[in-house]
Each structure stands twice: as C-alpha cells, then as structure tokens.
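Undergrad: have a look at this prediction, sequence included:
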Amino acid sequence: MGPGNEAAGLNRRIPEAGVALALLVGGLIVIVDSLRVGIEWADDGPRAGYFPFFIGVLLAFSAAWILLQAVLGWRKETKLFSQWSELRDVRAMLLPTTAFIVAIPFLGLYVPGALLIGFFMHRHGNFGWLTTALTAIAVPVTFFLIFERWFLVPLAKGPVEAWLGF
C-alpha cells in the first residue's frame with residue numbers, strides 16, 4: 001500500500017484499537033461488578049460473580065493484547081479497513097437508526113418506526129411518496145394490532161398514542 005492510499009479509506013488500526021479499547025472497558029466493568037457480587041466459592045457453590053469474573057479477565061487480557069499490538073504497530077502500514085465511500089453508506093444507515101433509537105423513549109415505537117420506514121423507503125429505496133406513506137403507516141399499525149391487540153404485548157408508546165387513547 002503506497003502513501004497515496006491514505007485518502008482511499010480508513011486504515012485497520014483505528015477500528016482495531018477502538019474495538020479493543022471498548023472490549024477492554026467492558027471486561028473491566030465485568031471484573032469490577034463480579035468482585036462486587038462476590039467471586040469466592042461458597043458452601044453451596046460459586047457466588048454469582050465467579051464465572052463472569054474469569055470471563056471478564058479473559059476478555060480484558062485479550063482486548064489489552066490487541067490494543068497493545070495496535071498501538072505498537074501504529075506506524076506500520078496496514079490493510080485498508082474500508083473505503084470512504086463504504087463508510088458513507090454505513091453512516092447513511094447509522095445516523096437515522098440512531099435517531100430512531102434515541103426517539104423511542106420520548107415518542108414511543110410507532111411514530112419513530114413510521115418515520116424511519118418512510119425515510120429509508122424514500123431516500124434509499126427511491127419509492128414514490130404514496131407508496132412510502134402507505135407503507136410507513138401500515139407497518140406500525142400492523143405491529144400495533146399484532147402485538148398490542150392479538151398477543152397482548154405492550155410496546156413503547158408515546159404522546160401520540162396517549163392522545164389517541166392507548
């Protein structure tokens with residue numbers, strides 16, 4: 001890989017280091033919480049933190065090893081993780097999906113679901129407005145009928161559902 005390829009995309013070492021760091025933090029959280037609930041062996045068997053502690057230790061050591069390798073080899077050339085155009089495609093899916101997830105506690109599941117379906121159909125599926133609107137409304141209504149009425153499983157509702165009396 002030559003020096004001109006840096007502009008072609010994201011190098012592998014950044015995602016490797018980022019994932020290793022996230023797993024290291026996760027492993028440390030598991031270790032600390034396992035110590036909190038107890039890792040010793042009791043009269044009736046292992047305490048609740050016994051097995052998670054060792055899994056956390058393995059996870060933390062593995063992640064630390066990968067992070068160390070990524071940091072020590074930072075200056076070495078590595079393979080490309082992804083082209084910038086591919087990352088733009090991921091961002092085009094990630095940002096609306098993140099907005100959907102953030103909106104659920106405030107608006108419930110149905111309204112953000114309709115907006116997400118409508119956005120993806122029109123923006124990425126190139127569907128017309130009529131097809132998009134009908135589908136974006138029909139899918140949440142169908143989910144409401146199936147889960148709320150048929151299976152009697154309540155899903156997250158927001159102010160619109162409260163306004164409609166649900």
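TA: Great, that's in hand.

Undergrad: could you check how far the residue lying farthest from the centre of the chain is from residue 78?
TA: If you look at how far each residue of the chain sits from its centre, by Cα atoms, centre = their mean, the farthest one is residue 43, at 40.0 Å. Between residue 43 and residue 78 the distance, using Cβ to Cβ, to the nearest Å, works out to 52 Å. Yep, even glycine has a C-beta here, placed from its N, CA and C like the rest.

Undergrad: quick check: mean pLDDT of stretch 97-110?
TA: Stretch 97-110 carries an average pLDDT of 97.

Undergrad: would you mind writing the CA trace of that stretch as PDB?
TA: Extracted in PDB, the C-alpha atoms of stretch 97-110 (Å, rounded to 0.1, in the frame of the first residue of the first chain):
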ATOM      1  CA  THR A  97     -31.200   4.400  13.000                       C
ATOM      2  CA  THR A  98     -29.500   6.100  15.900                       C
ATOM      3  CA  ALA A  99     -32.100   8.900  15.800                       C
ATOM      4  CA  PHE A 100     -34.800   6.200  15.800                       C
ATOM      5  CA  ILE A 101     -33.400   4.600  18.900                       C
ATOM      6  CA  VAL A 102     -33.000   7.900  20.700                       C
ATOM      7  CA  ALA A 103     -36.500   8.900  19.900                       C
ATOM      8  CA  ILE A 104     -38.200   5.700  21.200                       C
ATOM      9  CA  PRO A 105     -38.200   6.700  24.900                       C
ATOM     10  CA  PHE A 106     -39.800  10.100  24.000                       C
ATOM     11  CA  LEU A 107     -42.100   9.200  21.200                       C
ATOM     12  CA  GLY A 108     -42.700   5.500  21.600                       C
ATOM     13  CA  LEU A 109     -42.000   2.900  19.000                       C
ATOM     14  CA  TYR A 110     -44.700   3.500  16.400                       C
END
